[in-house]
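In: With the sequence up front, the predicted model follows.
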Amino acid sequence: MAATTPTTGDAVQRRSRWSRLPIVTQLRQSVGLQRGMLIGGLVLTAFFLFTAAFAPLLAPYGYAQLRSDSGPFGAQQPPSAEHWLGTTVGGYDVLSRVIWGSRTALLVIIVAVTASILVGVLLGLISGYFGGWLDRIMVMIADAIYAFPSLLLAIVLAIVISGGQSSMWGGIFAAALSITVIFIPQYLRVTRSEVIRIKAEAFVESARVIGAGHVRIMTRHVLRNATRTLPLILTLNASEAILTLAGLGFLGFGIEPTAAAEWGYDLNKSLSDVTAGIWWTSIFPGLAIVLVVLGLTLVGESLNDLADPRLRKRAAGPEPVEDLGVELPDAQQEGEQR
Amino acid sequence: MSDVVEIRDLAVSFATDAGQVQAVDGVTLSVHPGEVLAVVGESGSGKTVTAKTILGLLPETARIRGAVMLTSKDGASEGDVVQMSGQRLRQVRGRDVAMVFQEPSTALNPVYPVGWQIIEGLRAHGKYTKAEARAKAIDVLRRVGIPDPEERIDHYPHQFSGGQKQRIVIAQALVLDPGVIVADEPTTALDVTVQAEILDLLRRCRDEFGAAIVLITHNMGVVADLADRVAVMYQGKLVEQAPVRELFANPREPYTQQLLAAVPRIGEGLARAHERAARRSDGWAEQTPVVEAKGLRISYPGRFRQPDFLAVDGVDLAIRPGEVLGLVGESGSGKTTIGRAIAGLTKVTGGSLEVLGVQMHGVHERDFRPVRSKIGFVFQDPATSFNPLLTIAECVAEPLVVHGRAADAQDARTRVDELLEAVQLPRAFGARFPHELSGGQRQRASLARALALDPELLIADEPTSALDVSVQARVLDLFDELHRELGFAALFISHDLAVVDMLADRIAVLWRGRLVEEGTGDEVLGSPKHPYTQRLLASLPVPDPVEQAERRAELERLRQADRAS
């Protein structure tokens, strides 16, 4: 309805809503070094997203392409005009593999983070809201998962989920879901502690007095207030997801080169090249991992720092003043002077 | 002798996200030796900031103009606190000026014995041996009225009651015999009967120790009881300054007049109660009560094999239709617990509590839910009782939506507008978010939400204790007006007898979970029978210095009678 009758008030509202969006707000708040960190992180992340989205246009060859019209690429070729970053031991084009790899990484991040948020937040909400024995069991399981070395757990899960298959989506899901299991406890704990805090607030009690049901209180009053810190963990977890994926690939539990490009797998295959003086096969996938993780971490850490309420006052306007209906003597004098 | 503190044209502003905020604006004020100067004002008036400037305690974001001249007690040294270096400030603090904080339980470090904390102040100013310092600390503890100071000096803060903790904080301030003590709301966190004792102690600080006191407070009764001179502040400016009797008898500025008029006084509500009683029909007293408690017991489970804590112990009370029952008691008396039990927020563990025909002892939420639409609840703190992500209109519409009277907030809009109008809020406020309203406006919106379903019973749990006096007066008037129009029964919970008196038909006094006295306002306030009610009534400082002096003598007599028995 607002779109058909645009008014000036509407425009103001929309602009303020735009400036209230998570990252935009922080960008406006930040100053100095913190701002530099945030912008640096955002640029790296944007570059990563752009590459992933337009991989088919940017990459000179396919991720599993071994030969062009003029014949096979050849293995371990140094950088040249045809292959800007050289070729791998398996005969693939390094540049293409790096570009296509960003797509796999992005897909894994999306699937892993979405799944862990959905499950983790839901479990945290239930656990914190109802409490009791259910809460105790869930927290115990979460602690048990925490105690496991995360990569070991991911390996086990990768085997269980993919069952040795290594198609593109099978591999992506295997990697993403094994990461999910590691992340769920994080979201569960964060949501749970927020929910426990909010549950004691007067507005939740007020909803109970009104007679609202559990589901309504949980969704309308508790959940929306409990999700404020999630964007922070989300960005930090995204970079962790990439590291786990690369770790899995490096250890050989990733995706076959014919199914999709994967940086960790390429690093694994380039191990023996390093001693032979063939630098291009390991440097570039490694650099890709470092830059993406750096970008996401910078964004996450900056958001984390800026969210610290002790550094700033929260109210964006002057304090609302009680209308007492009296004029100050000074105010009257000023009025007379005018 | 010259003034101990002289504030000249002080202006303090704070740098915030929203730009400069002027907290104090051109205040000139002086404190004479050995007098109690009360700085009075409502929240945001800059009274605390002014007081903190005297100790140089403002945060780094503050920008200060003007001068605060501080003279030591013997007149030997003088300095401007605003210009002082950190080292000079440390020398001055404690020796020339000391502070008493609002909340005694947070002002003391829980991991050190209280004696250690008093001696720390002595050590900072040097030249005492261990034995000397200890002797001095024991002496000051005795003088502030801590029994067995030789033994209790090694006790930790949690082993003292709230009033005793405040005595220790005062001892800490007195130990170096400063010329001036800044007391920031020293009795706000305490119960009325304890407050009276602490005010006595502060009076002795002036008389026996010869310290001047800068008393920051919003409570006009405390001012009337203790102060020699009063400075009234409003929005960072000094509005009026006068000796206490003159100010109360003959306030010059309109703001001061309004502030004094807004303070509730005992006895004001009696006329209203009589008027209501006269309006009632004959058979009214025989009607079935809306709420009826018989031998009501509520206990909270104890932890680690400790016995259960009995919050409410065998209370009988009844609220008849259209009646306002005022429930009065100090913190821990169980008054809030009873209110929560009636609203179904706390489980009843013994006896019987019938709310609108439903037995609450062992009730299932399913059976109680239909009754909830007939109960409204107003919470104490208006800041937290609204979901910060919903607009006021959505919050007020919530009960309508939950009980199926409206499909969504949009659908309920006409009713919401009516309600906002009923509580004297502009309709446009419906589109605002809770944080965009002031405390008083929020509490009115809270009243609108409670009344959305035309409840038969309204429970108000200290609805005005978080508000300033003038705002409180408006909310109480509104409550009375709505009650007259809508005729709901109400349970009005408060720690303030004067507030309850303004609204209640009958008053029930709770003490340690037991109902010690119940009756009409005339009975309870006019001729209290239980000694606790008598003490409570006598402890309540009235906003009139002359009358308060008489009442103080009366309280002293009561205390002596207590001791004798």
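Out: All right, it came through fine.
In: alpha carbons only for contacts and neighbour counts from here, please
Out: OK.
In: ok, so what distance separates residue B:216 from chain A?
Out: Plainly put, residue B:216 is 21 Å away from chain A if you go by CA to the nearest CA, to the nearest Å.
In: mind showing which ranges of the stretch 451-565 of chain B have poor pLDDT?
Out: When residues are selected by pLDDT under 70, those of the stretch 451-565 of chain B lie in B:565.
In: Check chain B too.
Out: Along chain B, the parts satisfying pLDDT under 70 run over B:1, B:16-18, B:281-283, B:303-305, B:565.
In: Find the closest residue to chain A in it.
Out: residue B:385 (4.0 Å; CA to the nearest CA).
In: Pop out the phi and psi values for that residue.
Out: phi -90, psi 10 (degrees, to the nearest 10).
In: domain assignment for chain B?
Out: By the assignment in automatic domain parsing, chain B contains the domains B:32-57+B:86-262, B:275-280+B:287-374+B:456-525, B:385-454.
In: Save the ones you listed as TSV, and put in mean neighbour count too.
Out: Shown next, in TSV, are these (neighbours: other CA atoms under 10 Å in any protein chain shown):
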stretch	mean neighbour count
domain B:32-57+B:86-262	20
domain B:275-280+B:287-374+B:456-525	19
domain B:385-454	20
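In: who in the stretch 351-500 of chain B is up against chain A?
Out: Applying CA under 8 Å from any CA of the partner chain, we find that the stretch 351-500 of chain B lies next to chain A at B:369-370, B:372-373, B:375-377, B:379, B:381, B:384-389, B:398-399, B:402-403, B:436-440, B:470-471.
In: Just the ones of the residues you listed in helices?
Out: Residues of those located in helices (DSSP state H): B:369-370, B:372, B:398-399, B:402, B:439-440, B:470-471.
In: all helices of the stretch 1-150 of chain B, in order?
Out: Per DSSP state H, counting those that start in this stretch, the stretch 1-150 of chain B carries helices over the ranges B:47-55, B:86-92, B:104-107, B:114-124, B:130-143, B:149-152.
In: Nearest to residue B:298, out of those helices?
Out: helix B:104-107 (26.9 Å; CA to CA).
In: Distance from that closest one to the middle of the chain?
Out: In terms of CA atoms, centre = their mean, to the nearest Å, the centre of helix B:104-107 is set 16 Å apart from its chain centre.
In: do stretch A:119-136 as well
Out: Chain-centre distance of stretch A:119-136: 23 Å, with CA atoms, centre = their mean.
In: For it, which outside residues touch it?
Out: A:138, A:183-193, A:195-196, A:199, A:218, A:223 (CA atoms under 8 Å, 6 or more residues apart in numbering or on different chains).
In: What's the ChimeraX line that selects buried ones from those residues?
Out: Only the buried entries of these go into this ChimeraX selection, using 16 or more other CA atoms under 10 Å in any protein chain shown:
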select /A:138,183,184,185,186,187,188,189,190,191,192,193,195,196,199,218,223
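In: pretty sure residue B:180 is touching residue B:212, no?
Out: Yes - Residue B:180 is within contact range of residue B:212, at 4.5 Å (criterion: CA atoms under 8 Å).
In: Touching both of those two, which residues are there?
Out: B:4, B:33-34.
In: The closest residue to chain B within the stretch 201-338 of chain A: neighbouring residues, count only.
Out: Closest residue of the stretch 201-338 of chain A to chain B, CA to the nearest CA: residue A:203 (4.0 Å). Look at residue A:203: counted by other CA atoms under 10 Å in any protein chain shown, it has 24 neighbours.
In: Restrict the host helix or strand of it to CA atoms and write it as PDB.
Out: Counting by DSSP states H and E, the element that carries residue A:203 is helix A:202-210. C-alpha atoms of helix A:202-210 as PDB (Å, rounded to 0.1, in the frame of the first residue of the first chain):
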ATOM      1  CA  ALA A 202       8.400  -7.500  32.400                       C
ATOM      2  CA  PHE A 203       7.000  -7.400  28.900                       C
ATOM      3  CA  VAL A 204       7.000 -11.200  28.700                       C
ATOM      4  CA  GLU A 205       5.200 -11.500  32.000                       C
ATOM      5  CA  SER A 206       2.800  -8.900  30.700                       C
ATOM      6  CA  ALA A 207       2.100 -11.100  27.700                       C
ATOM      7  CA  ARG A 208       1.500 -14.100  30.100                       C
ATOM      8  CA  VAL A 209      -0.900 -12.000  32.200                       C
ATOM      9  CA  ILE A 210      -2.800 -11.100  29.000                       C
END
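In: contacting residues around it?
Out: Applying CA under 8 Å, 6+ apart, the contact partners of helix A:202-210 are A:198-199, A:217, A:221-222, B:343-345, B:372-373, B:375-377, B:379, B:381, B:384-387, B:398-399, B:402.
In: how about it: buried residues?
Out: A:202-210.
In: export those to CSV and tack on pLDDT?
Out: Output for the buried residues of helix A:202-210, formatted as CSV (pLDDT from 0 to 100):
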residue, pLDDT
A:202, 86
A:203, 89
A:204, 90
A:205, 87
A:206, 88
A:207, 88
A:208, 86
A:209, 86
A:210, 85
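In: and residue A:51, what does it touch?
Out: Counted by CA under 8 Å, 6+ apart, residue A:51 has contacts A:58, A:99, A:102-103.
In: now it: how far from residue A:246?
Out: From residue A:51 across to residue A:246, the span is 18 Å (CA to CA, to the nearest Å).
In: how about the nearest residue to residue B:163, chain neighbours excluded?
Out: residue B:194 (5.8 Å; CA to CA, 6 or more residues apart in numbering or on different chains).
In: Test my guess that that neighbour contacts residue B:161.
Out: No - between residue B:194 and residue B:161 there is no contact under CA under 8 Å: 10.0 Å.
In: before we move on, the earlier item: what distance do you get for the residue nearest to the residue of chain B closest to chain A when sequence neighbours are not counted to residue B:46?
Out: Leaving aside its chain neighbours, residue B:385 sits nearest to residue A:203 (4.0 Å; criterion: CA to CA, 6+ apart). Per CA to CA, residue A:203 is found 30 Å from residue B:46.
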